[in-house]
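J.: I would like the atomic coordinates for the input below:
(4 chains)
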There are 2 protein chains.
Amino acid sequence: MARLQRLSPSDELRESSRLQVFETIRAAGQIARIDIAQATLISPATVTAITADLLAAGMIEEVSPEAAKGAKRGRPRVALKVRGQAHLIAGMKLSHHAITTLITDFEGTELLCHEIPLPGGQSSPEDLCQQIQSALNASCAAADLDPADISGMAIGMAGVMDADRGFIYWSSSLNQRNVDFGAYLAQHFAMPVFIDNDANLVAKAELLFGHGDRHTNFIVVTVEHGVGMGIVINSQIYRGARGCGAELGHTKVQLEGALCQCGQRGCLEAYVGDYALLREANVTSGVERHRDLASLYAAMADGDMMARSTLDRAGRMFAMGLANVVNIFDPQMIVLAGAQLAFGYLSSDKVIEEMRRWVVQVDAPLPDVRVHGWGNKMWAKGAAAHAIEEVSALRIREVANHAG
Amino acid sequence: MARLQRLSPSDELRESSRLQVFETIRAAGQIARIDIAQATLISPATVTAITADLLAAGMIEEVSPEAAKGAKRGRPRVALKVRGQAHLIAGMKLSHHAITTLITDFEGTELLCHEIPLPGGQSSPEDLCQQIQSALNASCAAADLDPADISGMAIGMAGVMDADRGFIYWSSSLNQRNVDFGAYLAQHFAMPVFIDNDANLVAKAELLFGHGDRHTNFIVVTVEHGVGMGIVINSQIYRGARGCGAELGHTKVQLEGALCQCGQRGCLEAYVGDYALLREANVTSGVERHRDLASLYAAMADGDMMARSTLDRAGRMFAMGLANVVNIFDPQMIVLAGAQLAFGYLSSDKVIEEMRRWVVQVDAPLPDVRVHGWGNKMWAKGAAAHAIEEVSALRIREVANHAG
DNA sequence: TTATTTTTTTTGAAACTCAAATTAAATAAT
DNA sequence: ATTATTTAATTTGAGTTTCAAAAAAAATAA
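T.: Prediction:
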């Protein structure tokens, strides 16, 4: 939450190297001190000092020396890793019909994944908070854990929010706008609770457990009911001035175009969202030919020209929206994440190729595109990643201020 | 140039506070030590130490104590400012038909502005370098200066380039693609020479001399022959992974739309660029009714529906492109910069209002929009700002490593 | 056994920052 | 005039952090 506050040079310094070492260890999985020094440009002497602090605090541990991989001579390197038992972490994803909870250890290893149904639709902040509590308690009970032992929880939800403040401008899970949900949750949970947009959480998962160590600038585009985006700049989530940027779904792809849920016209979502696909397929033919996307896809497979045309346009619009982001951002990598039927079509090679063609052409490699067809658990995993990072930062600060 | 190289913690620290203090002084114009301490969260003791170094190095100077503004009692504060005489700086803008050179002192105060015509069109790297040398020599001669006394020069030009490497993928001033122009210039000039996209230079001018001290995330959109954009994130120019992002002019606003100079279809530039406006006005009516934009504007003023329709569409497309950037970036401020006729129309209240309507609506203030109708000198001033910043960074590094 | 190699730790010094004390330079009060 | 008060700037001394160099540790090679 309170990430953006300015720090004086002395405070900043005290935290920075420790954090850097710790992040390097986590990113590597296992790594010897000498390699940390090389990766971070911190001297071996300092690495020894810092890792000694982290070891004493129980945040990391030495790996048994089996991995004498190089088989050269010389003193064998001792690998370090994050100590999983250090903390219990909860990640939660609120979707329309369910709450998915993932309990992990401090390394991100899954201990339990649990899903409870939601009444559906939008609820009041109070009700939603209660449902979150129930979900957490149920998950803990299933894993035979005490909720009080959990060191931090992150919750991912669709909507427009200022994650640093925990303030939700709008969310499809809430029946009110402008809710200071973070503050409300803080009162009802003993542990620190973090909130974020779900696309940002996928980005965080990519940073911590995916290819984020090699890419410092990338974007994550999620296709679910709507289209979401997370932006990573300099290995950090970019949140915009008001905390509500990255609204790819509502960028305009057609002047005075199709009507969107948000009330405006020509939004990308109004062409590629599932409701938009069904609307076009049905309204155009005058009768309700398709009740769901599966039917629409089946029709396309059968050679139905109208279905094909609808999906083709959605694909082209999606390519156009992606190309615009690439032209603006020049990311190293694009991660497409989703699980629904539409996702398969929108992440097809044909669409990606079209996107590539629409990017300003220079003699430099175009961004990598990675497709993650992860299931529902991905979102909760992203939330857990977020909580792990936040808890790490809190703990590092403690270590820096206590131990010497 | 070599901005992106990683630094070890000790190197970073040595530079960071000095740089921060220096930037604070420049941003403020004049500021007392006690206020520097407050602004930077650096302790007064350290501010004294750092400013003593900077004074000894001749980079700053004390202001005569006339400005006893507060008229309270107590020891009067002594204001510090950047020492103008410390360095001579050159900023240069290459446009299609001229090279504009601005010589400033280290404060950015203009000493001389000089323009020489260019043969026009595209030239070879060698010729362009010679023309740059001529421009610099002519300017220095006019100001009775020795080119050897200039501490740094920055050159702004239209095109797609990787400013950190000084590598030009494509520029309208060069007849070849993929030129390592920075390296070439480095061989032909004694001073450090920096290259950047012109929109980025306007952003830099805004950061150093404009409202950049209060805004850390903003974008600059330039309307000249084409549409350019500079992105500032965290008070730093964002350059993308390959150094070639921010291509607002080539974001697509219409699927399979109008043909653009770049060979693609539906680019924003293909609707709002001057050539695009003339093309539409003339091709549509079948005869060449307008030879230049002035004629088109006059026609609109006379009530010509065709002219009005052409310009209206350009305005809407521009608003759409801007709205897309806002939806993606959520900047605090948008700076619209330009001087041409089209600029007046594209920066009109009507267009801005339209843009505002197309942004995702949340209960938070929309970005400020500032319109800079600066003339040709603006670009060179931006280049000077860039050179000043780079030379400052070099000098600070020297001070940090020499003095104690 | 001894030499060599490589990793890790220890040591001592240098740099940076800051809190607290001190000095400097003004006005207000007496 | 002189003293008190106020505010800014500097000095001092201590605490951190970092690092280079030296030393120690732990393996293999000779």
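
J.: ok, the residue in the stretch 251-400 of chain A that DNA strand D sits nearest to to residue A:23 distance?
T.: Residue nearest to DNA strand D within the stretch 251-400 of chain A: residue A:400 (5.4 Å; CB to the nearest atom of the strand). (Glycine included, C-beta is placed from N, CA and C.) In this view, residue A:400 and residue A:23 are 14 Å apart by CB to CB, to the nearest Å.

J.: stretch A:212-225 vs chain B: in contact?
T.: Yes. Looking at stretch A:212-225 against chain B by CB under 8 Å from any CB of the partner chain, the contacts come from residue A:217.

J.: swap that for stretch A:114-130, please
T.: No. Stretch A:114-130 stays clear of chain B (CB under 8 Å from any CB), getting no nearer than 15.9 Å.

J.: and the end-to-end length of that stretch?
T.: By CA to CA, to the nearest Å, the extent of stretch A:114-130 from end to end equals 17 Å.

J.: swap in stretch A:231-247?
T.: Separation of the first and last residues of stretch A:231-247 by CA to CA is 10 Å.

J.: got the buried residues for that stretch?
T.: Going by neighbour count (16 or more other CB atoms under 10 Å in any protein chain shown), the buried part of stretch A:231-247 is A:231-233, A:237-247.

J.: quick one: mean pLDDT over that stretch.
T.: Here stretch A:231-247 scores 86 as its mean pLDDT.

J.: is any part of that stretch close to chain B?
T.: Yes. Counting by CB under 8 Å from any CB, chain B is contacted by stretch A:231-247 at A:231, A:233, A:238-247.

J.: can you pull out the strands in the stretch 151-300 of chain A?
T.: A:159-162, A:167-171, A:193-197, A:218-223, A:227-233, A:236-238 (DSSP state E, counting those that start in this stretch).

J.: can you name every helix or strand that the fourth one contacts?
T.: The one in question is strand A:218-223. Packing contacts for strand A:218-223, counted by 3 or more CB pairs under 8 Å, 6 or more residues apart in numbering or on different chains; DSSP states H and E, involve helix A:198-209, strand A:227-233, helix A:305-329, strand A:333-338, helix A:341-346.

J.: most tightly packed of those?
T.: Ranked by mean neighbour count, those are led by helix A:198-209 with a mean of 27 (mean count of other CB atoms under 10 Å in any protein chain shown).

J.: show residues contacting it.
T.: With contact meaning CB atoms under 8 Å, 6 or more residues apart in numbering or on different chains, helix A:198-209 is reached by A:26-27, A:91, A:93, A:108, A:154, A:156-158, A:163, A:196, A:212, A:218-222, A:224, A:228-232, A:235, A:237, A:239, A:246, A:335, A:337, A:372, A:378-379, A:381-383, A:385-386, A:388-389.

J.: sorry, back to before: pick the one among the buried residues of stretch A:231-247 closest to residue A:74.
T.: Comparing the buried residues of stretch A:231-247 against residue A:74 with CB to CB places residue A:232 closest, at 38.1 Å.

J.: so who does that closest one touch?
T.: Residues counted as contacts of residue A:232 (CB under 8 Å, 6+ apart) are A:203, A:206-207, A:212, A:215-220, A:238.

J.: now do 7 Å
T.: Counting by CB atoms under 7 Å, 6 or more residues apart in numbering or on different chains, residue A:232 touches A:203, A:207, A:217-219, A:238.

J.: and residue A:258, by the same measure?
T.: A:265-266, A:270-271, A:276.

J.: about what we covered before: dump the residues of stretch A:231-247 next to chain B into JSON lines; add distance to DNA strand C as well.
T.: Formatted as JSON lines, the residues of stretch A:231-247 next to chain B follow (distance: CB to the nearest atom of the strand, whole Å):
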{"residue": "A:231", "distance to DNA strand C": "31"}
{"residue": "A:233", "distance to DNA strand C": "25"}
{"residue": "A:238", "distance to DNA strand C": "27"}
{"residue": "A:239", "distance to DNA strand C": "27"}
{"residue": "A:240", "distance to DNA strand C": "29"}
{"residue": "A:241", "distance to DNA strand C": "27"}
{"residue": "A:242", "distance to DNA strand C": "30"}
{"residue": "A:243", "distance to DNA strand C": "28"}
{"residue": "A:244", "distance to DNA strand C": "33"}
{"residue": "A:245", "distance to DNA strand C": "32"}
{"residue": "A:246", "distance to DNA strand C": "34"}
{"residue": "A:247", "distance to DNA strand C": "38"}
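
J.: the one residue in the stretch 1-150 of chain A that gets nearest to DNA strand C: what secondary structure?
T.: With CB to the nearest atom of the strand as the measure, residue A:74 is the residue of the stretch 1-150 of chain A nearest to DNA strand C, at 1.9 Å. State at residue A:74, reduced to three classes by DSSP: H, G, I helix; E, B strand; the rest coil: coil.

J.: out of the strands of the stretch 151-300 of chain A, which gets nearest to residue B:50?
T.: strand A:236-238 (27.7 Å).

J.: count of neighbours near the residue nearest to residue A:213 when sequence neighbours are not counted?
T.: In space, and not counting its chain neighbours, residue A:213 is closest to residue A:27: 4.3 Å by CB to CB, 6 or more residues apart in numbering or on different chains. Number of residues near residue A:27 (other CB atoms under 10 Å in any protein chain shown) recorded here: 16.

J.: the one 4 residues further on now?
T.: For residue A:31, the tally of surrounding residues (other CB under 10 Å) stands at 20.

J.: please tell me how far it sits from residue A:263.
T.: 51 Å.

J.: so what's the residue of the stretch 151-300 of chain A found nearest DNA strand C scoring on pLDDT?
T.: Distances between the stretch 151-300 of chain A and DNA strand C by CB to the nearest atom of the strand are smallest at residue A:213, namely 19.4 Å. Per-residue pLDDT puts residue A:213 at 73.

J.: hang on, isn't it packed against residue A:25?
T.: No. Between residue A:213 and residue A:25 there is no contact under CB atoms under 7 Å: 11.5 Å.

J.: higher neighbour count, those two?
T.: The neighbour count for residue A:213 versus residue A:25, taken as other CB under 10 Å, is higher for residue A:25 (23 against 18).

J.: residues from chain A in reach of DNA strand C?
T.: A:8-10, A:13, A:32-35, A:44-45, A:47-49, A:51-52, A:72-78 (CB under 7 Å from any atom of the strand).

J.: of these, list those near DNA strand D.
T.: A:13, A:44-45, A:49, A:72-76.

J.: mind listing the helices for chain A?
T.: Here chain A has its helices, by DSSP state H, at A:9-28, A:33-40, A:44-56, A:125-143, A:181-188, A:198-209, A:269-272, A:274-285, A:293-301, A:305-329, A:341-346, A:349-357, A:377-401.

J.: counting contacts, what elements does the last one pack onto?
T.: To tie it back to what came earlier, the one meant is helix A:377-401. helix A:9-28, strand A:88-94, strand A:98-105, strand A:150-157, strand A:193-197, helix A:198-209 (3 or more CB pairs under 7 Å, 6 or more residues apart in numbering or on different chains; DSSP states H and E).
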